[in-house]
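Asker: sequence first, then the predicted structure, then my questions.
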Amino acid sequence: QSVPERGGVTFTVVADGTPPYTYQWKRNGENIPDATAISYTLPSAMMTDNGATFSVTVTGAEGGGATSTAGTLTVIPDTVAPTLLGAKGL
């Protein structure tokens, strides 16, 4: 997925098997603490997130577990300078 710098991004998975399911999201192969829902949201992507990979391991009632293919995050840099709308003397 691609997202502008400081933009939010959500990854979602669809599972097929015997519920209930458990989820564990990973960033660059490492578990993300408390990322155990059907979706994972990164609320504000920074340039340090550019190139990071995200995957999820889903486990159903039968046990085992399947890990998704990793998706790569592309962060588009914000190159627009801020605009001064006004100034006030004190």
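Answerer: Sure, I can see it.

Asker: let me see the ranges of the strands in this protein.
Answerer: 2-4, 9-12, 22-27, 30-31, 39-42, 53-60, 63-67, 71-72, 74-76 (DSSP state E).

Asker: of those strands, which is nearest G86?
Answerer: strand 2-4 (25.7 Å; Cβ to Cβ). The C-beta positions use only the backbone N, C-alpha and C, and glycine is treated the same way.

Asker: who's in contact with the lowest-mean-pLDDT helix or strand in the chain?
Answerer: For the chain, the helix or strand with the lowest mean confidence is strand 63-67, at a mean of 91 (criterion: mean pLDDT, DSSP states H and E). The set of residues external to strand 63-67 that reach it, using Cβ atoms under 8 Å, 6 or more residues apart in numbering, is 17, 26, 55-59.

Asker: determine which two of these are furthest apart.
Answerer: For those, the farthest-apart pair by Cβ to Cβ is G17 and K26; their separation is 19.0 Å.

Asker: compare those two and say which is more crowded by neighbours.
Answerer: A count of neighbours by other Cβ atoms under 10 Å puts K26 above the other of G17 and K26, at 18 against 12.

Asker: the nearest residue to the more buried one once chain neighbours are set aside and V13, how far apart?
Answerer: Nearest residue to K26, sequence neighbours excluded (Cβ to Cβ, 6 or more residues apart in numbering): S55, at 5.0 Å. Distance, S55 to V13, using Cβ to Cβ, to the nearest Å: 9 Å.

Asker: identify the contacts common to these two.
Answerer: In contact with both S55 and V13: S68, using Cβ under 8 Å, 6+ apart.

Asker: show me the shaky parts of this structure.
Answerer: Within the chain, no range satisfies pLDDT under 70.

Asker: state the distance from the nearest residue to G17 once chain neighbours are set aside to Y21.
Answerer: Counting by Cβ to Cβ, 6+ apart, G60 is the residue found nearest to G17 once chain neighbours are left out, at 3.8 Å. From G60 across to Y21, the span is 5 Å (Cβ to Cβ).

Asker: need the overlap of contacts for these two.
Answerer: With Cβ under 8 Å, 6+ apart, G60 and Y21 have common neighbours A15.

Asker: re earlier: paired strands for the least confident helix or strand of the chain, with orientation please.
Answerer: Here strand 63-67 is paired, per DSSP bridges, with strand 53-60 (antiparallel).
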